[in-house]
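Enquirer: Sequence plus predicted model, see below.
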Amino acid sequence: MNTRAAKAKPKAHVNGANDKQEFLELYRQMCLIRQFEEACGEQYSRGNIRGFLHLYIGQEAIAAGVMRSLRAEDYVVTHYRDHGHALARGLDTNRVMAELFGRATGLSKGKGGSMHIFDAAKGFMGGHAIVGGQLPLAAGLALACQYKGTGGIAVVFFGDGAVNQGVFHETMNLAAIWDLPLLFFLENNLYGMGTAAERTRAGGVDIYPIAGSYGIEAAMIDGMDVLAVREATGEAVKKIRAGEGPKFIEAKTYRFHGHSMADPARYRDHAELDYWLSRDPLKSFPKMMLDRELATAEELAVVRKSADDEVASAVKFSLESPPPAKSELFTDVYA
Amino acid sequence: MAELTIRQAIQRGLEEALQNDPNVFIMGEDIGKYGGAYAVTSGFLEKYGPKRIKDTPISEATFIGAGVGAAAAGLRPVIEIMSISFSLVAFDQIVNMAANLRYMSGGQIKVPMVIRAPTGAGAQLAATHSQSFETWLAEVPGIKCVAPSTPADALGLLRSALSDGNTVIFAEPAQMYGVKGDVPDGRFTVPIGKASVQRSGGDVTLVSYGHGMRVLHSAAEDLAKRGIEAEVVDLRSLSPLDMDTIVASVHKTNRALTLDMARRTGGIMAEVAARLQEAASDWLDGPVARVGAEDVPWPYNRELEQEALPRVEDVLASLKKSYGI
């Protein structure tokens, strides 16, 4: 059973009532993602969402915690488990859901689907579905920020599976020699599809020491703790904006469901799953807020209700949206 | 009008772009301090500085992927791959990123980038350095693919590629950098997607591109001695493919031969031949004659390599077989 992250000390620093609105917002985002993903699962079973669908349930603290440190001019690039990042970056919930439904109102007009959410106007440059393939793209976006002097940075999310791809190493090397304003954010959920990281990774499941070999400062944090994610990202982003070059964060996390809807996750034992379920950020974070009297149960319930309503509206919007016209088959091939 | 080599024509096009568009930068292996494996960017680093002329690590996938990201963010990267054979290492980035990004984002993203790469066999570089993957890349929707065979076309096509909104694969025949030709003055361009009739004739249409043009022109000379006037067509653009020019020529000649200096099976000329059968079968006096390189890995030994490469005799024999001429 892999419970390494349990040993990490909570890094959250709570500064009293000033943080209340910020914490409620973090909670709102995590609730929105959780509810969105639950709805996706349901719509998948009804046949309204097809193809590959990878749920982010369990990893919400990461997307929510990272995006708080980003600005409009920054770029976000991610992997195929991308709904959570999209929502936390502020993409329109209706249009993200409609994309999963393959409708004309989807962000990619129904041509991308679950694995390829884009909103270029918000610097959200895609969910990408070749493991690790998104890393060079992010380096190029960071290069453009540097070249044009926009002050922006790029953040790239990837999983523990991607670190065994050559481009992972190549991109760290390129980012380091060119001092690119790039944050490498590793969501280490301990499994590359159904294969445990400890079976595919020489040197153990901690990846962050590799970054050090490229001269990139790296931190490992508890990815189930949204405040730890927010704090570590804030520190790294501050240094990147100050011109210190790329930084690397590894967050240990866990997906509560299988790799995709096709995966019953029989390769994990119950004790392991139970352990990680006990660290569910959707439980621990609101509990912390209640314990420290940063929010009342009623306030938290209001947040949950607003997330539920937003997702219900998105499903309704998607169901009522038209499919793309057949002529769309031939548009957007060339500029 | 000035006489330039293909190398000089490409240099001129790149320098114009560097001078006129601050968003243009060049990156690749050994393009800066070394001056480029084929000396195309010789002196550029000194002239334009390290921000615009970037030597990269030997990481084709990553610097091409970085080019895609830079282009998506509004820059116009020009990337040199030392040999189009090395594009294999970067196929994921070329196909899944450069070509697919626009479509899978519903048209939100543009990738205006030029990927230059020497291509082709003939210099005894053996199996891994002699291939012609422009024929594979030409199949991929979302990117364009051109291959000049004259200095004027090299400059004109490069100008078009550098103002295109898409990624353009610019395949440079590796054995033809020193070929000289007249290049018009002024800012002429050669449109992407337009073939060129390099020699007019009414008896047979000969189609190829890049290195193949030298073989076709020699064959046309031989045919002329026998009173057969060949029309020689240079595709110039493998994608989009200009079938109109080829079909119009066949309407005139009723005979067609395609020549691929790449391996014969699955090459771009297989597509040209198939489309000719569809579009012009009533006009053809016989099956489209096809000549291509042998379907083997490229050998090192000179005689073996020459044996694998199509020759003038192969062109003539194929015409005899299809049309009895």
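Expert: Arrived safely.

Enquirer: Residues of the stretch 151-300 of chain A that sit close to chain B?
Expert: Counting by C-beta under 8 Å from any C-beta of the partner chain, the stretch 151-300 of chain A comes close to chain B at A:A154, A:G166, A:V167, A:E170, A:T171, A:N173, A:L174, A:I177, A:W178. The C-beta positions use only the backbone N, C-alpha and C, and glycine is treated the same way.

Enquirer: Now with 6 Å, please.
Expert: A:V167, A:E170, A:T171, A:N173, A:L174 (C-beta under 6 Å from any C-beta of the partner chain).

Enquirer: can you tell me which of those residues are in helices?
Expert: When DSSP state H is applied, those are split such that A:V167, A:E170, A:T171, A:N173, A:L174 fall in helices.

Enquirer: which SS class is the residue lying closest to A:C31 once chain neighbours are set aside?
Expert: Of all residues not flanking A:C31 in the chain, A:A307 sits nearest, at 3.8 Å (C-beta to C-beta, 6 or more residues apart in numbering or on different chains). What DSSP: H, G, I helix; E, B strand; the rest coil gives for A:A307 is helix.

Enquirer: Also B:M261?
Expert: Following three-state DSSP, the label given to B:M261 is strand.

Enquirer: Please list all residues in contact with it.
Expert: B:G120, B:H211, B:G212 (C-beta atoms under 6 Å, 6 or more residues apart in numbering or on different chains).

Enquirer: For B:A72, which residues are in contact?
Expert: So B:A72 contacts B:I109, B:V111 (C-beta under 6 Å, 6+ apart).

Enquirer: State the distance from it to B:N100.
Expert: Between B:A72 and B:N100 the computed distance is 12 Å (C-beta to C-beta, to the nearest Å).

Enquirer: Could you do B:T265 as well?
Expert: Computed as C-beta to C-beta, the B:T265 to B:N100 distance reads 26 Å.

Enquirer: So which of those two has more stuff around it?
Expert: Counting neighbours by other C-beta atoms under 10 Å in any protein chain shown for B:T265 and for B:N100 shows that B:N100 has the greater number, 23 against 11.

Enquirer: And the residue nearest to that one when sequence neighbours are not counted, how close does it get to B:I109?
Expert: Ranked by C-beta to C-beta, 6+ apart and with sequence neighbours excluded, the top spatial neighbour of B:N100 is B:G142, at 5.9 Å. As judged by C-beta to C-beta, B:G142 and B:I109 stand 11 Å apart.

Enquirer: Low-confidence ranges, chain A, go.
Expert: A:1-18 (pLDDT under 70).

Enquirer: Which residue is it, in the stretch 151-300 of chain B, that comes closest to chain A?
Expert: Distance from chain A to each residue of the stretch 151-300 of chain B (C-beta to the nearest C-beta) is smallest for B:G165, at 3.1 Å.

Enquirer: about what we covered before: what sits against the residue nearest to B:N100?
Expert: Applying C-beta under 6 Å, 6+ apart, the residues near B:G142 are A:V333, B:A99, B:N100.

Enquirer: From those, which land in helices?
Expert: Using DSSP H, none of the contacts of B:G142 sit in helices.

Enquirer: What is the nearest of those residues to A:F101?
Expert: Using C-beta to C-beta, the shortest approach to A:F101 within those belongs to B:N100, at 21.0 Å.

Enquirer: so where do the strands sit in the stretch 201-325 of chain B?
Expert: Taking DSSP state E, counting those that start in this stretch, the strands of the stretch 201-325 of chain B run over residues B:204-208, B:230-234, B:237-239, B:256-263, B:289-293.

Enquirer: separation between the residue nearest to A:C31 and A:E99?
Expert: In terms of C-beta to C-beta, A:A307 sits 19 Å off from A:E99.

Enquirer: Looking at these two, which is more packed in?
Expert: A:E99 (30 against 22).

Enquirer: Over to that one. Which of the three states is it?
Expert: helix.

Enquirer: A:D92: how many residues sit nearby?
Expert: 16.

Enquirer: Check which residues of stretch B:246-258 are buried.
Expert: The neighbour-count check on stretch B:246-258 (16 or more other C-beta atoms under 10 Å in any protein chain shown) flags B:I246, B:V247, B:A248, B:S249, B:V250, B:T253, B:N254, B:R255, B:A256, B:L257, B:T258 as buried.

Enquirer: now do stretch A:164-173
Expert: A:N164, A:Q165, A:V167, A:F168, A:H169, A:E170, A:T171, A:M172, A:N173.

Enquirer: And the fourth one, how far from B:M113?
Expert: So that's A:F168. 23 Å.

Enquirer: Could I get the contacting residues of B:R159?
Expert: Taking C-beta under 6 Å, 6+ apart, one finds B:G13, B:T189 in contact with B:R159.

Enquirer: what do you get for B:K144?
Expert: By C-beta under 6 Å, 6+ apart, the neighbours of B:K144 are B:N166, B:V168, B:I192, B:S239.

Enquirer: Can you lay out the contacts of B:G142 as JSON lines showing distance to A:Y254?
Expert: Formatted as JSON lines, these follow (distance: C-beta to C-beta, whole Å):
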{"residue": "A:V333", "distance to A:Y254": "40"}
{"residue": "B:A99", "distance to A:Y254": "35"}
{"residue": "B:N100", "distance to A:Y254": "31"}
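
Enquirer: quick one: which of those residues is nearest to B:G178?
Expert: B:A99 (32.0 Å).

Enquirer: how much space between that closest one and B:Q93?
Expert: For B:A99 relative to B:Q93 (C-beta to C-beta), the value is 10 Å.

Enquirer: on that earlier part again, JSON lines for the contacts of B:M261, including distance to A:E293?
Expert: Output for the contacts of B:M261, formatted as JSON lines (distance: C-beta to C-beta, whole Å):
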{"residue": "B:G120", "distance to A:E293": "74"}
{"residue": "B:H211", "distance to A:E293": "78"}
{"residue": "B:G212", "distance to A:E293": "79"}
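
Enquirer: Buried by neighbour count, from those residues: which ones?
Expert: B:G120, B:H211, B:G212.

Enquirer: The second one: what's it in contact with?
Expert: What it means is B:H211. B:H211 neighbours (C-beta under 6 Å, 6+ apart): B:G120, B:P173, B:M261.

Enquirer: ok but B:M82 is inside a helix, no?
Expert: No: per three-state DSSP, B:M82 lies outside any helix segment and is coil.

Enquirer: Got phi/psi on it?
Expert: phi -60, psi -30 (degrees, to the nearest 10).
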